[in-house]
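Student: turn this into a structure:
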Amino acid sequence: MNQTQQPGEHVFLELRARDAWSQREYESAQSIAREAAGLAASHGDENAWWNMSFLEAECFKKLGNIREAEAHARSLQEHPLTGRYPDLSSRVATFLAVALQGQGDLAAAAEEARRAVAIAASAADSPDLHITAQHALIAALAESDQLDDAWQECLRLAELITADVNSQTAGKAYWVIGNVAYLRRDAATGTDYHRRAASNLSPSNDLDLWARFNRASAALRLAGGVVEPETLECIERAELAASIVGGSERDKLELSLTRAHWLFLTAQYDAAVDRLRPICDASSLIASQTAAEAYMLLGQALARSGDALEGLFQLEKSQELFRQSGAPDREAQVGKLIDEVHRRAQA
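Tutor: Take a look at the predicted model:
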């Protein structure tokens, strides 16, 4: 060990890493967390090493480096300390479920999330942990078109939201329940739960989370065909918050996709095409099911603006990406769109 290192130095570095995280300086937080983890290991402080290693994985995810985040979490999952404590094991499994979903591996994400839920349920006095794991499971099921199963898990999640749960956690839970309601074409229930989410989530507590919630709320409303002023307000709130917090390139692309969807549904087809092309060009940076949505919108917008041939080409890309992601209902939906474009072209 370097003789200049002091026994408490890794604690000071941990504070610096968490401060950088709170300031959304994720590259700096990741670098400091790695240094802190190394020092903690050299001092034999296993708990500090674990916490800093997990923070490093979270920084990778925030920066859009999903594969690195997954690899880091896998190494933590295999560590003996994780195996000894259910709360640590559930945190890692939940993190992995989200990372796998972010890479378009929806079946593996659902499997990991089920594992996280089972472990969290066995952890004493950890309602927030259980809710977070349940949230990840619902998101994975919903993305893979298992909406009936997702809704059953939503009903279980609703039972976990008690007065003891902090408002941010409750807000995120209401958020995911609303998401599934929208996907089930129950716009009234979806809007109700998203309003509950908005009343619990505060931009002053976490502006980045506020931005992501408003983007997701708008995206689900648009997916349900809900084109109204409240939907546009969600998009504008998300864009304003994102302009302040920045975010990864993935975040920016997903927000731009939401605006493109609004343009498409309001019949601004040329503007939608102009916004969608750069998103599709950078589709390797987003989850495959999200890229599939971008190609689907681009294909429809091109067909509506008179370019049926290229529209069909983009729709076929979308169909293949949904197939790869394990989203059969949306794959079939694109198949119907392809048939419609063919019929119109031949008419």
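Student: contacts only, for the residue lying closest to residue 208 once chain neighbours are set aside.
Tutor: Leaving aside its chain neighbours, residue 208 sits nearest to residue 245 (4.7 Å; criterion: C-beta to C-beta, 6 or more residues apart in numbering). For every residue, glycine as well, the C-beta is placed using N, CA and C. Counting by C-beta atoms under 8 Å, 6 or more residues apart in numbering, residue 245 touches 24, 207, 208, 211.
Student: can you map out the helices along the stretch 201-347 of the chain?
Tutor: Ranges of helices in the stretch 201-347 of the chain, per DSSP state H, counting those that start in this stretch, are 207-223, 229-245, 249-265, 269-281, 288-304, 308-325, 328-346.
Student: list the buried residues of the fourth one.
Tutor: Neighbour counts using 16 or more other C-beta atoms under 10 Å place 269, 271, 272, 273, 275, 276, 277, 279, 280 of helix 269-281 among the buried residues.
Student: how about stretch 282-300?
Tutor: Neighbour-count burial for stretch 282-300 flags 282-283, 285-300 (criterion: 16+ other C-beta under 10 Å).
Student: ok, residues contacting stretch 280-299?
Tutor: Stretch 280-299 is touched from outside by 64, 101-104, 106, 143, 249-250, 253-254, 257, 260-261, 264, 272-273, 276-277, 279, 310-319, 321-322, 324-325, 327, 330, 334, 337, 341, with contacts defined as C-beta under 8 Å, 6+ apart.
Student: output the contacting helices and strands for the one helix or strand residue 57 maps to.
Tutor: Secondary structure from DSSP states H and E places residue 57 in helix 46-62. Helices and strands touching helix 46-62, by 3 or more C-beta pairs under 8 Å, 6 or more residues apart in numbering; DSSP states H and E, are helix 9-22, helix 26-42, helix 66-77, helix 80-84, helix 86-102.
Student: so of the ones you listed, which one's packed in deepest?
Tutor: Comparing those on average neighbours per residue, with mean count of other C-beta atoms under 10 Å, the densest one is helix 86-102 at a mean of 23.
Student: what lies in contact with that helix?
Tutor: For helix 86-102, the surrounding residues in contact (C-beta under 8 Å, 6+ apart) are 50, 54, 57-58, 61, 66, 69-70, 73-74, 76-77, 81-83, 106, 108-110, 112-113, 115-116, 119-120, 122-123, 126, 129-130, 132-133, 136-137, 139-140, 143, 287.
Student: repeat that for stretch 19-26.
Tutor: When contacts are defined by C-beta under 8 Å, 6+ apart, stretch 19-26 is touched by residues 28, 29, 32, 55, 58, 59, 62, 63, 208, 245, 246.
Student: in contact with the second one, which residues?
Tutor: Read that as residue 29. Residues in contact with residue 29 (C-beta under 8 Å, 6+ apart) are 17, 18, 20, 21, 55, 59.
Student: the last one: what's its closest spatial neighbour, skipping adjacent residues?
Tutor: It stands for residue 59. Of all residues not flanking residue 59 in the chain, residue 30 sits nearest, at 3.6 Å (C-beta to C-beta, 6+ apart).
Student: wouldn't that neighbour be in contact with residue 61 here?
Tutor: No: Residue 30 is beyond contact range of residue 61, at 10.2 Å (criterion: C-beta atoms under 8 Å).
Student: list the contacts of the nearest residue to residue 99 once chain neighbours are set aside.
Tutor: Distances taken as C-beta to C-beta, 6+ apart place residue 70 nearest to residue 99, at 4.3 Å, with adjacent residues excluded. Counting by C-beta under 8 Å, 6+ apart, residue 70 touches 96, 99, 100, 103.
Student: one step back: Produce a PyMOL select command limited to the buried residues of the contacts of stretch 280-299.
Tutor: Buried subset of the contacts of stretch 280-299, written as a PyMOL selection, criterion 16+ other C-beta under 10 Å:
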select buried, resi 64+101+102+103+104+106+143+250+253+254+257+260+261+264+272+273+276+277+279+311+312+314+315+317+318+319+321+322+325+327+330+334+337+341
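Student: so which strand or helix has residue 64?
Tutor: Using DSSP H and E, residue 64 sits in no helix or strand.
Student: which non-adjacent residue is nearest residue 312?
Tutor: Distances taken as C-beta to C-beta, 6+ apart place residue 341 nearest to residue 312, at 5.5 Å, with adjacent residues excluded.
Student: next one, pLDDT for that neighbour please.
Tutor: pLDDT recorded at residue 341 is 92.
Student: that one contacts residue 315, correct?
Tutor: Yes: the criterion here is C-beta under 8 Å, and residue 341 meets it with residue 315 at 6.8 Å.
Student: need the overlap of contacts for these two.
Tutor: Residues within reach of residue 341 and of residue 315 at once, by C-beta under 8 Å, 6+ apart, are 299, 303.
Student: skipping adjacent residues, who's closest to residue 151 in space?
Tutor: Residue 151's closest residue in space is residue 180 (C-beta to C-beta, 6+ apart), at 5.5 Å.
Student: looking at the contacts of residue 245, which is nearest residue 40?
Tutor: For those, the residue nearest residue 40 by C-beta to C-beta is residue 24; the value is 23.7 Å.
Student: low-scoring stretches of the chain, by residue?
Tutor: Applying pLDDT under 70 to the chain flags residues 1-8, 124-125.
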